[in-house]
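In: pasting the sequence and the predicted coordinates here, then a few questions.
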Amino acid sequence: MTALVWFRHDLRISDHPALDAALRAHDRVVPVFCFDDRLLAGRHASGPRTRFLIECLEDLDAELRERGARLVVRRERPERALIELAGITGATEVYYTRDVTPFARSRGRSVHAALEAAGIAEQALPGLTVADDVAAVRTRAGGPYAVFSPFYRSWLDIPRRAPIPAPAHIPSPPGLDHGRIPTADELGLSAALEGAQRGGEREAVARLDRFLRGPIHQYAEERDRPDLDGTSKLSAYLHFGCLSPREVEAALPRGEGPQQWRRQLCWRDFYHHVQFHYPENARLEYQVRYRGTIAWTEDDALFAAWTEGRTGFPLVDAAMRQLRRDGWMHNRARLVAGSFLTKQLGIDWRRGEQWFMRLLIDGDQANNNGNWQWIASVGVDPQPVFRRVYNPTLHLERYDPEGVYVREYVPELRRVPRRHLAEPWKMPESVQREAGCVIGSDYPRPVVDLAAAREAALARYAAAAAADA
DNA sequence: TCTCAATTTCG
DNA sequence: GAAATTGAG
């Protein structure tokens, strides 16, 4: 008997419950990946992320080949491709990893209908999150969670399954047209980013090992420092499932750093929980009082200054240029950049969400949407608005004290003395000339006045809440 | 996972 | 007088 394993963002062979279950129940297994135009050209299409995906698939195919199989690739909707392949191979069942996003679920329903009509069985297995079935976690009152801390406490108590080792051999039917992984050119993708990470399970494992041997032990102290290499940079690998979150958790050593990092893994599970229970969050504010009530600023010039990293605030500009150069941004920088767009500039969080999705190689619907709603103060885990208006000047002093991060990504500021880095517009003219950084020509003047922008933001939210009441 | 300013503590 | 702590928003 033959089974199909439908890969999506679970591009690994280690701790893959669906692959494991298929191998246990069937003599032959056909691993399949479908390039779906709805994703490649959809609202959240992304050249950098698709490039990373291609690398993940090439690596997965190499791992499968070492075990006697090939990745079967189709440029077709899974509703069609899976039925066709089942017909050719005589497969009686399709195995896949359960997903939570609205798109994955509606596509899943189409696939389900097609498989049912064709008389093919299906098996959905866990593997997307640390805890199996995060959707099932309930508060005492019986509802889904909307606050992180209590979710975290419950999450710690969820029983965990043992990680499953990678299979040694994957028997696959011979003579199958396995297709080909398209190249970046064939998909019409623009040039690769300068600093992008390389996709694939083997690269992911190497990075995880490096992180676990060193930086994770300083993670509690260094995680908010974009100038240090203190974070795991595993987000893209987790997004594409090159790493199993459960297996990663099981591999963590003891200590405060690992514990803090595990808590970050829980944020990921939390946002998957939220995405499952509140699919409308994909487009609407979780907090009903802010739906359609905030008077966002429609200013394309300001938005462009933000995306291009020329707001005049060094930390924001470094963050936005890091995104463009590397397809990745440090988490603390994401919060500062997100706070700046939505609060100080007063621009709709959805525009920021979309921009991030376009460039982030770790761009993930559940996490990105959850974090944007969080920093815009319109989502779950609510806090008073004023608590999430971050001051980019103070954040620079605190989290990039020597200016290493800012100087790396904003070369105009490289020769600006340390004491003027946070507020370069206050540099005396002689120092500006000396540093080769004349404000207004070499580096932009600040696009807003921080104190006034903060007050305007608080007023904007207060007016929105009042309008709703 | 804040910010700002007032207040207290310490050398 | 600077640094740490506290409290309000």
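Out: On my side now, so go ahead.

In: residues contacting the residue in the stretch 151-300 of chain A that DNA strand C sits nearest to?
Out: In the stretch 151-300 of chain A, the residue that lies nearest DNA strand C is residue A:221 (15.7 Å; CB to the nearest atom of the strand). Where you see a C-beta, it was placed from the backbone N, CA and C, and this is true even at glycine. Contact analysis of residue A:221 by CB atoms under 8 Å, 6 or more residues apart in numbering lists A:230, A:257.

In: buried sites along the one helix or strand it maps to?
Out: Element membership of residue A:221, judged by DSSP states H and E, is helix A:219-222. Using 16 or more other CB atoms under 10 Å as the test for burial, helix A:219-222 gives A:219-220, A:222.

In: hmm, back to that, distance of the residue of the stretch 151-300 of chain A closest to DNA strand C relative to residue A:256?
Out: Using CB to CB, to the nearest Å, residue A:221 is found at 9 Å from residue A:256.

In: so which bits of chain A are right by DNA strand B?
Out: Residues of chain A found near DNA strand B, taking CB under 7 Å from any atom of the strand as the criterion, are A:148, A:263-264, A:267, A:332, A:335, A:383, A:386-391, A:394-395, A:450-451, A:454.

In: just the buried residues from the residues you listed, in PyMOL please.
Out: To isolate the buried ones among the residues of chain A next to DNA strand B in PyMOL, judged by 16+ other CB under 10 Å, type:
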select buried, chain A and resi 148+267+332+335+388+389+390+391+395+450+454
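
In: and chain A, what are its domains?
Out: A:2-127, A:129-162+A:201-277, A:288-468 (automatic domain parsing).

In: for the residue in the stretch 301-450 of chain A that DNA strand C sits nearest to, which non-adjacent residue is spatially closest?
Out: At 4.5 Å from DNA strand C, residue A:386 is the closest residue in the stretch 301-450 of chain A, using CB to the nearest atom of the strand. Once flanking residues are discounted, residue A:386 sits nearest to residue A:458: 6.0 Å by CB to CB, 6 or more residues apart in numbering.

In: check contacts around residue A:56.
Out: A:11, A:199-201, A:240, A:242.

In: could you say which helix or strand holds it?
Out: Residue A:56 belongs to helix A:47-65, assigned by DSSP H and E.

In: circling back: save the buried residues of helix A:219-222 as CSV, and put in pLDDT too.
Out: CSV is the format used below for those (pLDDT from 0 to 100):
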residue, pLDDT
A:219, 93
A:220, 89
A:222, 90
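
In: and the strands in chain A, which stretches?
Out: Ranges of strands in chain A, per DSSP state E, are A:2-7, A:28-34, A:72-74, A:93-97, A:121-125.

In: any idea which of these is most buried?
Out: strand A:2-7 (a mean of 26; mean count of other CB atoms under 10 Å).

In: before we move on, the earlier item: wait, isn't the residue nearest to residue A:386 in contact with residue A:388?
Out: No: in this structure, residue A:458 is not within contact of residue A:388 by CB atoms under 8 Å, at 11.0 Å.

In: OK, contacts around the residue in the stretch 1-150 of chain A that DNA strand B sits nearest to?
Out: With CB to the nearest atom of the strand as the measure, residue A:148 is the residue of the stretch 1-150 of chain A nearest to DNA strand B, at 6.6 Å. The contact partners of residue A:148, by CB under 8 Å, 6+ apart, come to A:266-267, A:270, A:380-381.

In: pLDDT score assigned to residue A:401?
Out: Predicted confidence (pLDDT) at residue A:401: the value is 88.

In: run through the residues that contact it.
Out: residue A:227.

In: how far away is it from DNA strand B?
Out: 14 Å (CB to the nearest atom of the strand, to the nearest Å).

In: and residue A:233, by the same measure?
Out: 16 Å.

In: grab the nearest non-local neighbour of residue A:310.
Out: Nearest non-adjacent residue to residue A:310 (CB to CB, 6+ apart): residue A:444, at 4.7 Å.

In: pull the contacting residues for residue A:53.
Out: Taking CB under 8 Å, 6+ apart, one finds A:11, A:199, A:240 in contact with residue A:53.

In: pretty sure residue A:73 contacts residue A:183?
Out: No: assessed by CB under 8 Å, residue A:73 is found out of contact with residue A:183, at 11.9 Å.
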